[in-house]
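Asker: kindly return the folded structure for what I paste below:
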Amino acid sequence: MKTEIGDVRPTSLAHLVGQRGVLDQVAVALDAAHADGKKFDHALLVGPPGLGKSALAEVAAREMASGFHEVLGQSIATPADLNALLLGAQDRDVVHIDECHELPKEYQTVLYLALDQRRLALGGGRTGKSVQSVPLADFTLLLSTTDEYGLMQPLRDRMKLLLRFDYYSPDDLALLVRQRAAALGWEVHGAILPLISGRSRGRPGSPCGCSRRPGGSAGPRATPRSPPPTSPGPAASKGSTGGASARPSGSTSASSPAGRPG
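Answerer: Numbering: from 1, shown residues only. Sure thing, here's the model as predicted:
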């Protein structure tokens, strides 16, 4: 049973809200790919964070009925990481690299050469082994970034589609919240939708988070626990010199003179 906003993810272009210019480009590219029996075109997805670039990449793979491989650019730390990603893709699969501007320049070079030649060079360098050229599948590469100029120009030139994401309008955000709430079976009063969308700063993640519950937590509120009882100190257990009983809690300290607050 779906109970969280994050449990509801779009599965087709018809489920996506806003970004009309981007969706029109993708719809035309999908129609062309299906008509010609080919893969989806390589694409560069550009825009501020939280605007749905990763969601669109996954939807494109679903619309193509192909495999989907997604990774963050900063998680590709070694050549082996990049090789495993490229070699693991099959024909017409979608490979999505998010925050791709974090990729080192040498890895970006490997990417655009792989797209040109559909081959991957393995070995050589410091290993002392002879270079082996391994064929690659005919996959689609989708690159998402908040800084397109952090990518090398040759790699940008290999992207046939340039998809620019913009901030959402309040009407689109209100529709998105209504859509997600309906999918989860939540009752949302229509009057609060403009209030939620107006505080979202144009990003769909903000209204979806606000619609969970006050305080931003989707789960029940934690009940504060009372502190454990404190054990009596040495002065209270032994009493004062001369056999006098220990002072009750809240009285003046044993180390202070009588009548003076501790």
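Asker: helices of this protein, residue ranges please.
Answerer: 20-36, 53-63, 79-87, 105-117, 153-157, 170-184, 193-198, 205-210, 234-238 (DSSP state H).
Asker: any chance of those helices in TSV, with distance to Val134 and mean pLDDT too?
Answerer: Where C-beta positions appear, they are placed from N, C-alpha and C, glycine not excepted. What follows is the helices of the chain, written out as TSV (distance: least, Cβ to Cβ, whole Å; pLDDT from 0 to 100):
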stretch	distance to Val134	mean pLDDT
helix 20-36	26	96
helix 53-63	23	95
helix 79-87	7	95
helix 105-117	10	94
helix 153-157	20	96
helix 170-184	43	78
helix 193-198	49	66
helix 205-210	39	50
helix 234-238	75	47
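Asker: comparing those, which stretch has the densest surroundings?
Answerer: Compared across those, helix 53-63 shows the largest average neighbour count, a mean of 21 (mean count of other Cβ atoms under 10 Å).
Asker: quick one: that one to helix 20-36, angle?
Answerer: Relative orientation of helix 53-63 versus helix 20-36 (axes from the mean of the first three to the mean of the last three Cα atoms, to 10 degrees): 20 degrees.
Asker: that older thread, figure out which of the helices of the chain is closest to Arg164.
Answerer: Minimum separation from Arg164 across the helices of the chain (Cβ to Cβ) falls at helix 20-36, 7.1 Å.
Asker: packing partners for the closest one?
Answerer: In terms of contacts (3 or more Cβ pairs under 8 Å, 6 or more residues apart in numbering; DSSP states H and E), helix 20-36 is packed against helix 53-63, strand 161-164.
Asker: okay if I get the ones you listed as TSV plus distance to Ala77?
Answerer: Formatted as TSV, the helices and strands packed on helix 20-36 follow (distance: least, Cβ to Cβ, whole Å):
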stretch	distance to Ala77
helix 53-63	20
strand 161-164	27
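Asker: of those, which is nearest Asp24?
Answerer: strand 161-164 (10.3 Å).
Asker: in the closest one, what counts as buried?
Answerer: 161, 163 (16 or more other Cβ atoms under 10 Å).
Asker: helices or strands up against it?
Answerer: Counting by 3+ Cβ pairs under 8 Å, 6+ apart, strand 161-164 packs on helix 20-36, strand 43-46.
Asker: show me the strands paired with that strand, marking each as parallel or antiparallel.
Answerer: Within its sheet, strand 161-164 is paired with strand 43-46 (parallel), according to DSSP bridges.
Asker: of all the helices and strands packed on strand 161-164, which one is nearest Trp186?
Answerer: Using Cβ to Cβ, these put helix 20-36 closest to Trp186, at 25.5 Å.
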